[in-house]
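S.K.: model this:
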Amino acid sequence: MEVHVYDTYVKASDGRTMHFDVITGVKDHDKAIAYGKEWLASVGEAGAEMTSKECSFCHSQGAPEHVEKEITEKGYYIQKMEGCN
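M.R.: I've put the predicted structure just below:
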């Protein structure tokens, strides 16, 4: 499965920067932002600003099995990088 990676930097409510990738099965910037907002809400950061300024397309690549499985189940996968606890 080819996936599309959106590099994202969001300010958390405590001021730290959350760096994560939104990985999707379709190359759709609006969906990537919606998925990122959904995930942010699930980790208690629903108020974080996430627009095309904070989230930008990075590249497309093949996906490991666990990433592909999660994308098939819910449409996206979040790769946590920095400040995501």
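
S.K.: contacts, neighbours, all on C-alpha from now
M.R.: OK.

S.K.: Report the contact partners of the residue lying closest to T8 once chain neighbours are set aside.
M.R.: Closest residue in space to T8, ignoring its immediate chain neighbours: C55 at 4.3 Å, by CA to CA, 6 or more residues apart in numbering. C55 makes contact with Y6, D7, T8, Y9, I33, according to CA atoms under 8 Å, 6 or more residues apart in numbering.

S.K.: and the first one, helix, strand or coil?
M.R.: Under the three-state scheme (DSSP: H, G, I helix; E, B strand; the rest coil), the conformation of Y6 reads as strand.

S.K.: Show me what it is bridged to.
M.R.: On the basis of DSSP bridges, Y6 is bridged to V22, F57.

S.K.: Show residues contacting the helix ranked longest in the chain.
M.R.: Looking across the chain with DSSP state H, the single longest helix is helix 29-42. The set of residues external to helix 29-42 that reach it, using CA under 8 Å, 6+ apart, is 6, 22-24, 46-48, 50-52, 55-57, 75-76, 78.

S.K.: on that earlier part again, which pLDDT value does the model give the residue nearest to T8?
M.R.: According to the prediction, C55 has pLDDT 96.

S.K.: so which two of the contacts of C55 are the farthest from each other?
M.R.: Y9 and I33 (11.6 Å; CA to CA).

S.K.: Pretty sure D14 sits in a helix.
M.R.: No: checked against three-state DSSP, D14 lies outside a helix; its state is coil.

S.K.: Can you give me the distance of it to E45?
M.R.: 10 Å (CA to CA, to the nearest Å).

S.K.: out of these two, which sits in the busier spot?
M.R.: E45 (17 against 7; other CA atoms under 10 Å).

S.K.: Centroid-nearest residue for the protein?
M.R.: V22 (2.2 Å; CA atoms, centre = their mean).
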